[in-house]
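Asks: for reference, the sequence and a predicted model appear below.
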Amino acid sequence: MQPVKEPGFRQSVELMFNRAVALTDLSPGLEEKIRVCNATYTVRFGVRLRGSIHTFTGYRSVHSEHMEPVKGGIRYALSVNQNEVEALAALMTFKCALVEAPFGGSKGGLCIDPREWDDHELEQITRRFAYELIKRDMINPAQNVPAPDMGTGEREMAWMADQYARMNTTDINARACVTGKPLNAGGIAGRVEATGRGVQYALREFFREPADVAKAGLTGGLDGKRVIVQGLGNVGYHAAHFLSTEDGAKITGVIERDGALYAEEGLNIDALRDWISTHGGVKGFPEGQYVADGASVLEEDCDILIPAALEGVINLGNAARIMAPLIVEAANGPITAGADEILRHKGTVVIPDLYVNAGGVTVSYFEWVKNLGHIRFGRMGRRQEESRHQLIVDELERLSADSGVGWQLSPGFKEKYLRGAGELELVRSGLDDTMRVALQNMREVWHGRSDVEDLRTSAYLVAIDRVAASYRAKGL
Ligand SMILES: NC(=O)c1ccc[n+]([C@@H]2O[C@H](COP(=O)([O-])OP(=O)(O)OC[C@H]3O[C@@H](n4cnc5c(N)ncnc54)[C@H](O)[C@@H]3O)[C@@H](O)[C@H]2O)c1
């Protein structure tokens with residue numbers, strides 16, 4: 001028998017797209033336009049560090065400009081390459097469409113292990129990379145708005161935003177050129193936690209429908225559910241922290257670079273996070289059993305598996321052995337197309353990446369709007385604040401109706417906004433509404449069409465329909 005070849009990340013995303021688009025009646029031309037990646041810019045630049053010149057390679061890929069600006073994070077990792085960046089940019093297109101964030105899809109990356117450089121060196125490298133992207137309008141509030149991803153965070157976003165402001169001194173919207181900035185540099189409350197928070201809201205919404213929970217062979221709510229998380233970084237930590245401290249879930253396993261920890265009774269996530277930041281890994285943590293082959297813990301018995309680190313970790317090599325009945329893709333692309341098929345046949349329910357980790361871009365959208373509006377919450381007196389809020393709500397609704405974007409302010413969000421709720425409360429409630437509505441839209445397809453087997457195909461169908469409508473409206 002011929003060995004089955006594992007497709008690469010970009011091919012995997014394309015296969016998943018193809019599976020869904022085959023169920024639409026799009027013309028072949030429009031289908032192809034939506035599938036392809038519009039452009040990828042590769043840059044190599046040198047920085048003098050430690051007495052010699054070091055050359056770095058970076059990418060910014062634009063998958064679809066059916067709406068502008070385009071949006072997507074910038075990743076710092078040695079594994080970054082053109083295929084990976086293009087796959088991630090495609091996922092951004094469909095993710096934004098699914099949660100109705102009015103952006104096209106983009107992504108960037110720099111081939112670097114950030115742990116090899118000190119803070120000052122990283123700042124020099126980041127500013128130089130940003131300079132290269134700004135020169136070509138690949139960081140720009142109206143055209144291309146990056147955000148954090150693996151290996152980057154608030155600090156890198158602040159450096160990039162500052163670099164843009166220095167090169168565009170008269171652009172009053174300069175702050176909106178990047179999202180995920182620190183609060184004191186134009187950021188928004190709740191952005192750091194947003195993706196992990198979104199994972200929690202996605203799971204809460206999933207567990208509101210007992211019939212869906214039963215499809216995964218589970219019953220009841222999140223309370224007491226055994227959860228294994230891979231990657232205790234920004235996304236994995238916040239998801240594990242909120243699920244264990246607010247929903248009663250037990251984090252029975254954590255997989256990191258240097259191995260994994262496993263404990264039937266559940267791990268203390270905050271203590272473990274502190275341990276990792278002091279010791280550089282999970283090894284030696286006083287709770288749980290240490291497993292040197294971390295990836296093997298993906299195959300442990302649990303109720304919910306949350307891969308929140310890398311792509312391709314559930315693949316043809318281990319898919320058949322994955323015991324979790326419910327997999328929540330907090331990372332981008334953790335399941336390859338081949339593994340996805342095996343899991344579907346096994347009856348495993350997969351809540352897909354383009355939905356699960358959309359909390360980041362949703363709150364980035366709030367931040368971008370906040371920057372463009374030049375709003376500083378709590379700056380005015382209460383009466384002025386209330387009427388200003390009413391004006392903003394009226395204006396957002398008018399813009400949404402006129403542009404046909406379809407972004408709706410939910411009654412809950414509007415009520416909180418008008419009574420002058422704090423920024424964090426507003427952000428969380430807007431995110432919660434977004435995650436609920438997106439899963440409800442996916443469910444309509446999942447439950448309503450006999451030819452749709454899974455939530456991933458449902459998510460793609462909702463997204464493809466919106467991207468297609470946008471291209472058609474432009475006359476394509
Ligand atoms: N940060 C965001 O807002 C955001 C938004 C959407 C999607 N994502 C996706 O979520 C995933 C994680 O991103 P992040 O921002 O949390 O990154 P991060 O850099 O903050 O964290 C990644 C974590 O994974 C761990 N890790 C790396 N290699 C590993 C391995 N081989 N095995 C186990 N653990 C490993 C790292 O040690 C780190 O703790 C990525 O796929 C990213 O694209 C992130």
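Replies: In hand now; what should we look at?
Asks: can you count the residues close to the residue of the stretch 151-300 of the chain found nearest the ligand?
Replies: Residue of the stretch 151-300 of the chain nearest the ligand, by CB to the nearest ligand atom: Gly233 (1.7 Å). The way it works is simple: take the backbone N, C-alpha and C, and place the C-beta from them, glycine included. Gly233 is flanked by 17 other residues according to other CB atoms under 10 Å.
Asks: next, the contact list for the nearest residue to Glu329 once chain neighbours are set aside, please.
Replies: Leaving out its chain neighbours, the residue that sits closest to Glu329 by CB to CB, 6 or more residues apart in numbering is Asp353, at 3.9 Å. Each residue near Asp353 by CB atoms under 8 Å, 6 or more residues apart in numbering is listed here: Leu91, Lys95, Glu329, Ala330, Ala331, Asn332, Gly333, Pro334.
Asks: mind checking how far the last one is from Gly236?
Replies: For Pro334, the distance to Gly236 under the criterion CB to CB, to the nearest Å works out to 11 Å.
Asks: find the residues that touch each one of those two.
Replies: Gln230, Ala309.
Asks: the residue in the stretch 351-476 of the chain that the ligand sits nearest to: what's it in contact with?
Replies: Closest residue of the stretch 351-476 of the chain to the ligand, CB to the nearest ligand atom: Gly360 (3.2 Å). Residues near Gly360 by CB under 8 Å, 6+ apart: Gly73, Ala147, Pro148, Gly180, Arg191, Ala194, Thr195, Gly198, Val235.
Asks: which strand or helix spans the fourth one?
Replies: Counting by DSSP states H and E, Gly180 is held by no secondary-structure element, helix or strand.
Asks: you'd agree it is up against Asp149?
Replies: No: counting by CB atoms under 8 Å, Gly180 stays clear of Asp149, with 9.1 Å between them.
Asks: who's more crowded, those two?
Replies: Gly180 (30 against 25).
Asks: can you tell me how far that one is from Ala77?
Replies: Applying CB to CB to Gly180 and Ala77 gives a distance of 17 Å.
Asks: say whether the ligand is contacted by the longest strand seen in the chain.
Replies: Under DSSP state E, the strand in the chain containing the largest number of residues is strand 52-64. No: shown here: strand 52-64 not in contact with the ligand (CB under 6 Å from any ligand atom), separated by at least 13.6 Å.
Asks: quick one: buried residues of that strand?
Replies: Phe56, Thr57, Gly58, Tyr59, Arg60, Ser61, Val62, His63, Ser64 (16 or more other CB atoms under 10 Å).
Asks: for the helix or strand just after it, name the packing helices and strands.
Replies: Using DSSP H and E, the helix or strand that follows strand 52-64 in sequence is strand 70-77. Identification of packing neighbours for strand 70-77 by 3 or more CB pairs under 8 Å, 6 or more residues apart in numbering; DSSP states H and E yields strand 52-64, helix 82-98, strand 104-111, strand 144-148, helix 154-167, helix 359-373.
Asks: check the chain for its longest helix and report it.
Replies: In the chain, taking DSSP state H as the definition, the longest helix is helix 423-448.
Asks: which residues belonging to the following helix or strand past it are considered buried?
Replies: Counting by DSSP H and E, the next helix or strand C-terminal to helix 423-448 is helix 455-473. Applying a neighbour-count criterion of 16+ other CB under 10 Å, one finds 455-468, 470-471 buried in helix 455-473.
Asks: again, but for stretch 30-50
Replies: Using 16+ other CB under 10 Å as the test for burial, stretch 30-50 gives Leu30, Glu31, Lys33, Ile34, Arg35, Cys37, Asn38, Thr40, Val43, Val47.
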